[in-house]
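> After the sequence you'll find the predicted model.
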Amino acid sequence: MSDKKFKWLLIVSSLTCIIIAFVWKYPEAVKANSTKDIKFGEYLYINPRSTIHVSRKCSKLNYKGWKSKRIKVADMYYYFKDTPMSDISFCPHCVNDKDYESILNSLAFQLDNRVNEIIESRN
Ligand SMILES: [Zn+2]
């Protein structure tokens, strides 16, 4: 093996090592469809089984060609008022702990408002 070839081989193999180390240490940076950065916005997406999704791009949302509905977070109470709480579930794929908390807080807030409205209308 010539000196030139050996040097080149050395550079390539050390570069490969660096790339492998990077991928191993930061798998999230490499994954194209990482769900970690999805932000919980103005809308929620509900599939026919009353599963709440926060991402329109969630791969579980239009699973098997199901038609999903887009609702505003602020309209959640009206959307779910006839649905038993036990029927509602959260997508484990796109709803993280923070989103889950925000959604429940928002729903509790809307429920509270509705209760106050009913109390006020009775007085
Ligand atoms: Zn989802």
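Right, received. Where do you want to start?

> Is the residue nearest the centre of the chain in a helix, a strand, or coil?
By CA atoms, centre = their mean, the chain has its centre lying nearest to Cys94, at 2.3 Å. Following DSSP: H, G, I helix; E, B strand; the rest coil, Cys94 is assigned to coil.

> Phi and psi next, for it.
Phi and psi for Cys94, reported as degrees, to the nearest 10, are phi -120, psi -10.

> Would you agree it is in contact with Lys60?
Yes. Using CB atoms under 8 Å, Cys94 is in contact with Lys60, at 7.4 Å. Every C-beta, even on glycine, is put in place using the N, C-alpha and C of the backbone.

> Give me the common contacts of the two.
Here Cys94 and Lys60 share the contacting residues His53, scored by CB atoms under 8 Å, 6 or more residues apart in numbering.

> Quickly note the distance from Tyr45 to the ion.
Distance of Tyr45 to the ion, computed by CB to the ion, to the nearest Å: 7 Å.

> Tell me who's in contact with that residue.
Here Tyr45 is in contact with 52-56, 58, 61, 68-71 (CB under 8 Å, 6+ apart).

> And it, which helix or strand is it part of?
strand 43-46 (DSSP states H and E).

> what's the answer for Glu101, then?
helix 97-122.

> buried stuff in that helix?
For helix 97-122, the neighbour count (16 or more other CB atoms under 10 Å) marks 99-100, 103, 106-107, 110 as buried.

> pretty sure Tyr43 contacts Ser68?
No. In this structure, Tyr43 is not within contact of Ser68 by CB under 8 Å, at 11.0 Å.

> I'd like to know which helix or strand in the protein has the lowest mean pLDDT.
helix 27-30 (a mean of 60; mean pLDDT, DSSP states H and E).

> neighbours around Tyr78, how many?
For Tyr78, the count of nearby residues is 12 (other CB atoms under 10 Å).

> Could you check how far Asn113 is from Phe6?
74 Å (CB to CB, to the nearest Å).

> returning to what we had before: ok, is the helix holding Glu101 in contact with the ion or not?
No. Using CB under 5 Å from the ion, helix 97-122 stays clear of the ion, coming no nearer than 10.1 Å.

> per-residue confidence averaged over that helix?
Mean pLDDT, taken over the full extent of helix 97-122, equals 91.
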